[in-house]
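A.B. asks: turn this into a model:
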Amino acid sequence: MATNYNALIKSEEELKKQFFEFLDLAYSIHKKTWTYILSKELDSSKMDDLRNDEESSDAFEKDILDECVWIISKDQPRSNHLRFIISIIYSIKDLERISDYAIEIAESLENKEIDKNNYDFLKPLSNRYLTFFKSFVDLIKKKNVSEYYQTGRDLKNEFFENCNKDLKKLLEICPKNDTSIQNILLIFRSIDRCVHHIYNVFINFKFVKNIK
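C.D. replies: Numbering: from 1, shown residues only. You can find the predicted model right below:
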């Protein structure tokens, strides 16, 4: 048992709150990124705004890691409590990378015109991606993630299945000499990596039970 169980529970509650704030920030950075892109407002001032959010993400990662180390050294958690803290440590790196990818997506389209074919691909892709992201934010906040494992797996498989269909259609209609497709493929790759990082966070909590 922990050296001070009541202190450990209180520390876990604060840590969970801080982690969920980080999770919400990562989602909000991507939501803001796509709002700027689809409204065609992605200029240097909007990029500065996104980079400020990304710096906040870096600060969250550092602060949460410091808090995890402090809780482990102070309260000596065991069993499920230790698994919870280790899951947080693994997940904050994923969240930091997810935030970085939002900047990469934005930079690939900064001050660039988006033609109709690419816009018609990006708009439903962004809607599907943000819906996927928000669904996993909600799943990760459940008390017992393991109960929703199959739901999460199905959501991920469905997401990629639909994206691959849309990407195939785009490649069929785009002219072979269309250089703008390169940026679209880079964006698709960034989203692909984000989805895997989001899913990693979800899986990190699979064996953590009843976190209140």
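A.B. asks: tell me which residues are up against stretch 128-136.
C.D. replies: 27, 30-31, 34, 152, 155-156, 159, 162-163, 191, 194-195, 198-199, 201-202 (Cβ atoms under 8 Å, 6 or more residues apart in numbering). All C-beta atoms are positioned from the backbone trio N, CA, C, and that covers glycine.
A.B. asks: and the residues you listed, which of them are buried?
C.D. replies: By neighbour count, with 16 or more other Cβ atoms under 10 Å, the contacts of stretch 128-136 hold 27, 30-31, 34, 152, 155-156, 159, 163, 191, 194-195, 198-199, 201-202 as buried.
A.B. asks: among these, name the ones in helices.
C.D. replies: 27, 30-31, 34, 152, 155-156, 159, 163, 191, 194-195, 198-199, 201-202 (DSSP state H).
A.B. asks: report the two of these separated the most.
C.D. replies: The span of these, defined through Cβ to Cβ, is set by Trp34 and Gly152 at 22.0 Å.
A.B. asks: one step back: least confident pick among the ones in helices among the buried ones among the contacts of stretch 128-136?
C.D. replies: Lowest-confidence member of these: Cys163, scoring 92 (pLDDT).
A.B. asks: show me which residues of the helix or strand hosting Tyr101 are buried.
C.D. replies: Tyr101 belongs to helix 79-109 when assigned by DSSP states H and E. Judged by neighbour count (16+ other Cβ under 10 Å), helix 79-109 contains these buried residues: 81-88, 91-92, 94-103, 105-106, 108-109.
A.B. asks: surely Leu170 touches Asn117?
C.D. replies: Yes. Using Cβ atoms under 8 Å, Leu170 is in contact with Asn117, at 6.7 Å.
A.B. asks: quick check: which element contains Cys41?
C.D. replies: One correction, residue 41 is Glu, not Cys. With DSSP H and E as criterion, Glu41 is part of no helix or strand.
A.B. asks: revised request: answer the last question for Ile37.
C.D. replies: helix 5-38.
A.B. asks: what helices and strands are in contact with the following helix or strand past that helix?
C.D. replies: Sequence order places helix 44-75 as the next helix or strand after helix 5-38, per DSSP H and E. In terms of contacts (3 or more Cβ pairs under 8 Å, 6 or more residues apart in numbering; DSSP states H and E), helix 44-75 is packed against helix 5-38, helix 79-109.
A.B. asks: could I get the average pLDDT for the helix holding Tyr101?
C.D. replies: The predicted model gives helix 79-109 an average pLDDT of 95.
A.B. asks: from here on, call the first residue 88.
C.D. replies: With 88 as the first residue, the last one maps to helix 166-196.
A.B. asks: and the next helix or strand after that helix with helix 166-196, angle?
C.D. replies: With elements assigned by DSSP H and E, the helix or strand that comes after helix 166-196 is helix 203-227. Going by axes from the mean of the first three to the mean of the last three Cα atoms, to 10 degrees, helix 203-227 is angled at 170 degrees with respect to helix 166-196.
A.B. asks: quick check: buried residues in helix 203-227?
C.D. replies: 204-205, 208-209, 212-213, 215-217, 219-220, 222-224, 226-227.
A.B. asks: same thing with stretch 133-140?
C.D. replies: Buried positions in stretch 133-140, judged by neighbour count with 16+ other Cβ under 10 Å: 133-134, 137, 140.
A.B. asks: need the residues you listed in JSON lines with distance to Lys97, can you?
C.D. replies: Below are the buried residues of stretch 133-140 laid out as JSON lines (distance: Cβ to Cβ, whole Å):
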{"residue": "Lys133", "distance to Lys97": "40"}
{"residue": "Met134", "distance to Lys97": "40"}
{"residue": "Leu137", "distance to Lys97": "35"}
{"residue": "Asp140", "distance to Lys97": "29"}
